[in-house]
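Participant: model the following, please.
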Amino acid sequence: MADWLKKVLTALTIVCLSLSFVFFFPTLKISGLTSQDFFILKNIRLAMFLTAFLVGGILSVCGLVFQTIFDNPLATPYTLGISSGASFGAVVYIVFLKNFVNLPLSLFAFAGSVFAILLIFAVISAVKYASSQTILLSGVALNFFFGSLILFFQYYANQYDTFEITRWLLGGISTAGLKGILPLAAGAAIILVFFLFNAEKLDLFLLGETLAKTKGLDTARERLVFIAVCGIAVSVSVAVAGPIGFVGIIIPHLSKKLFGITHSNSVFYAFFLGGGALSLCQAIAVKVFYPSILPVGVITAIIGTPIFIYILIVKAEK
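Facilitator: I've put the predicted structure just below:
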């Protein structure tokens, strides 16, 4: 069977399984849909599925790319402080602006994440030879910085704002209708196509910094380009769904384990595995306390923590 056909069949299988979980889980009937059922199916369940699928795909691909370009198996899409920046933007809106500005919270979360990316690039430009370790440490510093500001504002916020902040920080899939997923769809399409076309460059990163340079790869330049592309995509993801953890670190390892380390395969499968995994977690989040919906970030943390510890143990033994 042709390799491209295997990819298509695998992708369709994962999409169909994810659809079955979210569309008809837990109360919708497959047959005999009323007009109200159809409205729920189209504007809530379908939007919920597509949002979860696209967010999971974006986080997984960006996590895979970050693990490759930083040569760090524990790198995540949030390593560079993008999530913390988005959370800071959301907190500023909740505490200071929501009663005065008639704009969506996601816009300020996106602005906060872009601000974090700009700070990272400012640090890189200030350092003459910015290594991958320098960039990673800059991201760690930004995470601490934004985290401190969030705690400061949360401490002085009233109880209603504090609850809203806490709820947003848990991460969750909103159902704002199908129109709300257009930015996510654009971001997902861009990173999937972009990194599939640049799969050979990513493969060269696997050889190590020195050997990749001897092969003609400008590692410093390509790393910055990949950071910029992933940064914008992750910013859109976090703005829409909040900081959903563990998907971006676990799925890349699973993709490489099942389908090989070459990025022409791992990028493709990471996207669809990540989308399917987060869709499944969203279905579980809907079911546990139905009719309430548990924030999906809670589910990914519960499932992801033991897997993350296992990865740490395995890497330590090698």
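Participant: and the pLDDT for the residue nearest the centre of the chain?
Facilitator: The chain has Leu59 as the residue nearest its centroid, 2.6 Å off, counting by Cα atoms, centre = their mean. According to the prediction, Leu59 has pLDDT 95.
Participant: for it, which residues are in contact?
Facilitator: Counting by Cβ atoms under 8 Å, 6 or more residues apart in numbering, Leu59 makes contact with 77, 234, 237, 244, 247-248, 251, 274, 278. (Each C-beta comes from the backbone N, C-alpha and C, glycine too.)
Participant: so which of those belong to strands?
Facilitator: Among those, DSSP state E puts none in strands.
Participant: closest one to Val8 out of those residues, please.
Facilitator: Val8 lies nearest to Gly274 out of the contacts of Leu59, by Cβ to Cβ, at 17.5 Å.
Participant: now that closest one: closest residue in space that isn't a chain neighbour?
Facilitator: Counting by Cβ to Cβ, 6 or more residues apart in numbering, Ser60 is the residue found nearest to Gly274 once chain neighbours are left out, at 2.6 Å.
Participant: counting neighbours, which bits of the host helix or strand of that neighbour end up buried?
Facilitator: Using DSSP states H and E, Ser60 maps to helix 46-69. Neighbour-count burial for helix 46-69 flags 46-69 (criterion: 16 or more other Cβ atoms under 10 Å).
Participant: circling back: ok, the residue nearest to Gly274 touching Val247?
Facilitator: Yes - using Cβ atoms under 8 Å, Ser60 is in contact with Val247, at 6.0 Å.
Participant: follow-up on the earlier one: just give me how far the helix holding Ser60 sits from the chain centre.
Facilitator: Once both centres are worked out by Cα atoms, centre = their mean, to the nearest Å, helix 46-69 turns out to sit 5 Å from its chain's centre.
Participant: stretch 195-203 too?
Facilitator: Here the centre of stretch 195-203 is set off from its chain's centre by 19 Å, with Cα atoms, centre = their mean.
Participant: how long is that stretch end to end?
Facilitator: By Cα to Cα, to the nearest Å, the extent of stretch 195-203 from end to end equals 11 Å.
Participant: show residues contacting it.
Facilitator: With contact meaning Cβ under 8 Å, 6+ apart, stretch 195-203 is reached by 61, 65, 68-69, 217, 222, 226, 229, 262-264, 267-268.
Participant: export those residues to a markdown table and append columns for distance to Phe195.
Facilitator: Listed next are the contacts of stretch 195-203 as a markdown table, based on distance: Cβ to Cβ, whole Å:
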| residue | distance to Phe195 |
| --- | --- |
| Val61 | 6 |
| Val65 | 6 |
| Thr68 | 10 |
| Ile69 | 11 |
| Leu217 | 15 |
| Glu222 | 12 |
| Phe226 | 8 |
| Val229 | 8 |
| Thr262 | 12 |
| His263 | 7 |
| Ser264 | 10 |
| Val267 | 5 |
| Phe268 | 9 |
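Participant: what mean pLDDT does stretch 102-117 get?
Facilitator: Averaged over stretch 102-117, pLDDT sits at 91.
Participant: number the chain from 896, please
Facilitator: Sure, I'll start numbering at 896, so the last one becomes stretch 997-1012.
Participant: just the buried residues of it, please?
Facilitator: Across stretch 997-1012, burial judged by 16+ other Cβ under 10 Å covers 1000-1001, 1003-1012.
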